[in-house]
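Visitor: here you go, sequence then predicted model.
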There are 2 protein chains.
Amino acid sequence: MKKKKSIYDVASELQVSVTTLSFVLNGKGQEKRISKEVIQKIEAYVKEVGYQPNHLGRSLSTGKSKTIGMIVGDINNPFFSEVASGIEKIAVKAGYTLIVASSNNELNQMKSVIKLLNDRNVDGFIISPIAGIEETIADLKKEGKPMVIYNCFFPELDTYNIVVDNKRGAYEATKHLFENGFRNIGFITLDLYSQNERIEGYSDFIESQNLSTNILKLPYELNYEGIIHKITQFLTTNDTLDSVFFSTNFLTLGGLKAISKLGGKYAKIGIVSFDDHLLYDVLNPGITAIKQPVKEISSTVINQMLTMLDSADKTVEPKTVVFPVDLIVRASSAKR
Amino acid sequence: MKKKKSIYDVASELQVSVTTLSFVLNGKGQEKRISKEVIQKIEAYVKEVGYQPNHLGRSLSTGKSKTIGMIVGDINNPFFSEVASGIEKIAVKAGYTLIVASSNNELNQMKSVIKLLNDRNVDGFIISPIAGIEETIADLKKEGKPMVIYNCFFPELDTYNIVVDNKRGAYEATKHLFENGFRNIGFITLDLYSQNERIEGYSDFIESQNLSTNILKLPYELNYEGIIHKITQFLTTNDTLDSVFFSTNFLTLGGLKAISKLGGKYAKIGIVSFDDHLLYDVLNPGITAIKQPVKEISSTVINQMLTMLDSADKTVEPKTVVFPVDLIVRASSAKR
DNA sequence: TTGAAAGCGCTAACAA
DNA sequence: TTGTTAGCGCTTTCAA
């Protein structure tokens, strides 16, 4: 393992001082009025020997790690993986490295993951929060590091939030089912903070029509088989339901499986899903879905983060950006 | 932003030397015969004030960053996201942070991402390679950092590889179609190094039966619409095909869409997909698939990496671990 | 059993 | 315009 050159090695080989070299390396050649020849000589040599400054040394010295920490609920969830990959691309272009860590929707894991990232001296945090993490986030905020919250947020915390209009989305989805003649609309969701607004949206519409709500709230840690089991139970004990609104992608998959296993009259149940999926279009019938603008979310999140990182004054005005969602109508919610 | 304590601050507050403190912090108290009382005093105080040693300082000093760099083809591909999340969990438990970077199957991006990770002083690399990256990998190997290759590998490079039996999987899938009466079996794949073994497996079986191969090799950068378009074209120009074997998940999705749009006799085409998917079970008919043992792959990869990281002698015997794959039979490949 | 101090690689204030 | 040097926070050798 050949030892890497340090800035001292290169400086002495070049017969310049480390300062000069450091300045040039950081593009401050002009600013510091280093002579053109020296700059050129340095750049040529650096390129030739492929010298690359050590990040750790630089970070230790500057106090900036050029790293952004991102917390997702679960990287296997297409929503999170798409947002993460969009963010990564832009972050890398801006010279930052993204560290993605999963909370698995567990409070303790989320806390430890935040600690991990903080110990790693990330320059900023991008967080999808869960219930109970308020205090940790408030503490983090006090430390003054840039922070962007996405997916859902705590109104009582003065953070910069980027979310979609979950409430309206859920409201519209429910309304859509209603307008297509469904009257006994069930809602299947997860016991997660991020789902609260969707529950509200659903309930609001149902109540506005003086219908009665019918909500199944599943523990988030349930696996696929568990979900299928619970949904099957729910459907059979509530066998007057004419339609179901699933509040996440994963639940929809489980629900579809449950419904297809039940068969019979259950096959006629109307379906809407929160979060679109490529396959929804392939299924027969196609699944009506609420689509989140993933690209916009990810680019807004990372651009805001980069802005915060740039601004000397890290105290950005707290703000909540709300993106609208789209209802993609397919056959699963068609009039019966 | 309250300034973080350094080891010096803590040492002076505790009235001990930094050496003593450092030893205790690194669990070398016993070994260095620090008195029990001092150890306890230190541990209690450290816990009380929540002091956490700065990673950067430590890394700079030890030369180990406790970071593992992982390169995936595309984090949105469920195969990669599942492997990555499995690896992350174990890595974190072992005190490592995982940085996942996407190559997007592009040579240049892969090179720059390897450079990025190397500049970041990752302690080890976990790489899903693509064609053309051989030399970069060979160079990296010379630097002596632990490295595990997964998904596919270069036989000519003496690396530690963890893959599935792509060739046999493809062979069995093709054979399965044949045994169910299909004779005109097409193969749709991507122009990617990782697909070569699958192509071989398919071709081997077809040729063993004196049938003729029919392969569509799509550019990997094609998007969903492009895939649908190309597959539609392929199916209509080869309209005697009675079945198709898709070599990745994403291609299958596109293929299903294409077939459902074509309708008519095309709806009867037999289908097998490489890589299983939750929804394959929900679709009607269910899609027969080759399932990779993702959990085993990820745990083997990370455990091997940790072993390499631990071993003083980094020159681990090159070896190729090959996992078998499972054929999950569903209705899409049933006898017609 | 503990302490002083050098050094990891880099930045930047200060001096020249 | 360039060089000297003191940190950044930690580990670890060597000395006491």
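Guide: Here it is on my side, so go on.

Visitor: now the residue nearest to A:Phe23 when sequence neighbours are not counted, what's its secondary structure?
Guide: Sequence neighbours aside, A:Lys32 is the residue nearest to A:Phe23 in space, at 4.7 Å (criterion: C-beta to C-beta, 6 or more residues apart in numbering or on different chains). From N, CA and C alone the C-beta is placed, and that goes for glycine too. Counting by DSSP: H, G, I helix; E, B strand; the rest coil, the backbone at A:Lys32 sits in coil.

Visitor: could you count how many residues lie near A:Lys32?
Guide: A total of 13 residues lie near A:Lys32 under the criterion other C-beta atoms under 10 Å in any protein chain shown.

Visitor: what do you get for A:Leu262?
Guide: Quick note: A:Leu262 (other C-beta under 10 Å) scores 16 neighbours.

Visitor: and it, what is it in contact with?
Guide: A:232, A:235-236 (C-beta atoms under 8 Å, 6 or more residues apart in numbering or on different chains).

Visitor: any idea how far A:Gln52 lies from B:Phe274?
Guide: Computed as C-beta to C-beta, to the nearest Å, the A:Gln52 to B:Phe274 distance reads 39 Å.

Visitor: which one of the two has more residues nearby?
Guide: B:Phe274 (27 against 13).

Visitor: pretty sure the more buried one contacts B:Ser247?
Guide: Yes. Counting by C-beta atoms under 8 Å, B:Phe274 touches B:Ser247, with 4.9 Å between them.

Visitor: find residues that contact each of these two.
Guide: Joint contacts of B:Phe274 and B:Ser247 (C-beta under 8 Å, 6+ apart) are B:170, B:198.

Visitor: still on that earlier bit, show me which of the contacts of A:Leu262 is closest to DNA strand D.
Guide: A:Thr232 (53.4 Å; C-beta to the nearest atom of the strand).

Visitor: okay, the residue lying closest to the closest one once chain neighbours are set aside: pLDDT?
Guide: Distances taken as C-beta to C-beta, 6+ apart place A:Ala258 nearest to A:Thr232, at 4.4 Å, with adjacent residues excluded. Per-residue confidence at A:Ala258 stands at 95 (pLDDT).

Visitor: go on, A:Glu43?
Guide: pLDDT, A:Glu43: 84.

Visitor: ok, now A:Ala312?
Guide: 63.

Visitor: same question, A:Asn284
Guide: 84.

Visitor: and it, that one's in a helix?
Guide: No. According to three-state DSSP, the state of A:Asn284 is coil, so it is not within a helix.

Visitor: residue contacts, it?
Guide: By C-beta under 8 Å, 6+ apart, the neighbours of A:Asn284 are A:331, B:260, B:284.

Visitor: with distance to A:Glu82 added, can I get those in JSON lines?
Guide: Listed next are these as JSON lines, based on distance: C-beta to C-beta, whole Å:
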{"residue": "A:Ala331", "distance to A:Glu82": "25"}
{"residue": "B:Ser260", "distance to A:Glu82": "24"}
{"residue": "B:Asn284", "distance to A:Glu82": "27"}
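
Visitor: with respect to B:Tyr96, which of those residues is nearest?
Guide: Among these, B:Asn284 lies closest to B:Tyr96 (C-beta to C-beta), at 43.9 Å.

Visitor: roughly how far apart are that closest one and A:Lys261?
Guide: Counting by C-beta to C-beta, the gap from B:Asn284 to A:Lys261 is 12 Å.

Visitor: picking up where we left off before, does the residue nearest to A:Phe23 touch A:Leu21 like I think?
Guide: No. Between A:Lys32 and A:Leu21 there is no contact, the gap being 11.4 Å when judged by C-beta under 8 Å.

Visitor: neighbours of the residue in the stretch 51-200 of chain A that chain B sits nearest to, just the number please.
Guide: Sorted by distance to chain B under C-beta to the nearest C-beta, the residues of the stretch 51-200 of chain A start with A:Gly144, at 3.4 Å. Here the count is done by other C-beta under 10 Å, and A:Gly144 has 11 residues near it.

Visitor: may I have the secondary structure class of it?
Guide: Taking three-state DSSP, the label given to A:Gly144 is coil.

Visitor: repeat for A:Phe234
Guide: Relying on three-state DSSP, one would call A:Phe234 helix.

Visitor: leaving out chain neighbours, which residue sits closest to it?
Guide: A:Leu216 (4.6 Å).

Visitor: so the one you found: helix, strand or coil?
Guide: Taking three-state DSSP, the label given to A:Leu216 is strand.

Visitor: okay, and the beta partners of it?
Guide: Per DSSP bridges, the residues bridged to A:Leu216 are A:Ile188.

Visitor: that one and DNA strand D: what is the separation?
Guide: Distance, A:Leu216 to DNA strand D, by C-beta to the nearest atom of the strand, to the nearest Å: 49 Å.

Visitor: and A:Lys64, by the same measure?
Guide: 12 Å.

Visitor: go on, A:Ile162?
Guide: 32 Å.

Visitor: what sits up against the helix or strand that residue falls within?
Guide: Assigned by DSSP states H and E, A:Ile162 belongs to strand A:160-164. Strand A:160-164 is contacted by residues A:147-153, A:292-293, A:297, A:300-301, A:304, A:308, A:316, A:318-325 when judged by C-beta under 8 Å, 6+ apart.

Visitor: and the helices in chain A, which stretches?
Guide: Using DSSP state H, the helices assigned to chain A run over residues A:7-14, A:18-25, A:36-49, A:55-62, A:78-93, A:107-119, A:134-142, A:166-179, A:196-208, A:224-237, A:249-262, A:294-310.

Visitor: alpha carbons of the last one, as PDB, please.
Guide: In PDB, the C-alpha atoms belonging to helix A:294-310 read as follows (Å, rounded to 0.1, in the frame of the first residue of the first chain):
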ATOM      1  CA  VAL A 294     -40.700  13.000  -5.800                       C
ATOM      2  CA  LYS A 295     -38.300  14.800  -8.100                       C
ATOM      3  CA  GLU A 296     -39.500  18.200  -6.900                       C
ATOM      4  CA  ILE A 297     -39.300  17.100  -3.300                       C
ATOM      5  CA  SER A 298     -35.800  15.900  -3.600                       C
ATOM      6  CA  SER A 299     -34.500  18.800  -5.500                       C
ATOM      7  CA  THR A 300     -36.200  21.300  -3.300                       C
ATOM      8  CA  VAL A 301     -34.800  19.600  -0.200                       C
ATOM      9  CA  ILE A 302     -31.200  19.400  -1.300                       C
ATOM     10  CA  ASN A 303     -31.200  22.900  -2.800                       C
ATOM     11  CA  GLN A 304     -32.500  24.300   0.400                       C
ATOM     12  CA  MET A 305     -29.900  22.400   2.300                       C
ATOM     13  CA  LEU A 306     -27.100  23.700   0.000                       C
ATOM     14  CA  THR A 307     -28.400  27.300   0.400                       C
ATOM     15  CA  MET A 308     -28.400  26.900   4.200                       C
ATOM     16  CA  LEU A 309     -24.900  25.400   4.000                       C
ATOM     17  CA  ASP A 310     -23.700  28.400   2.000                       C
END
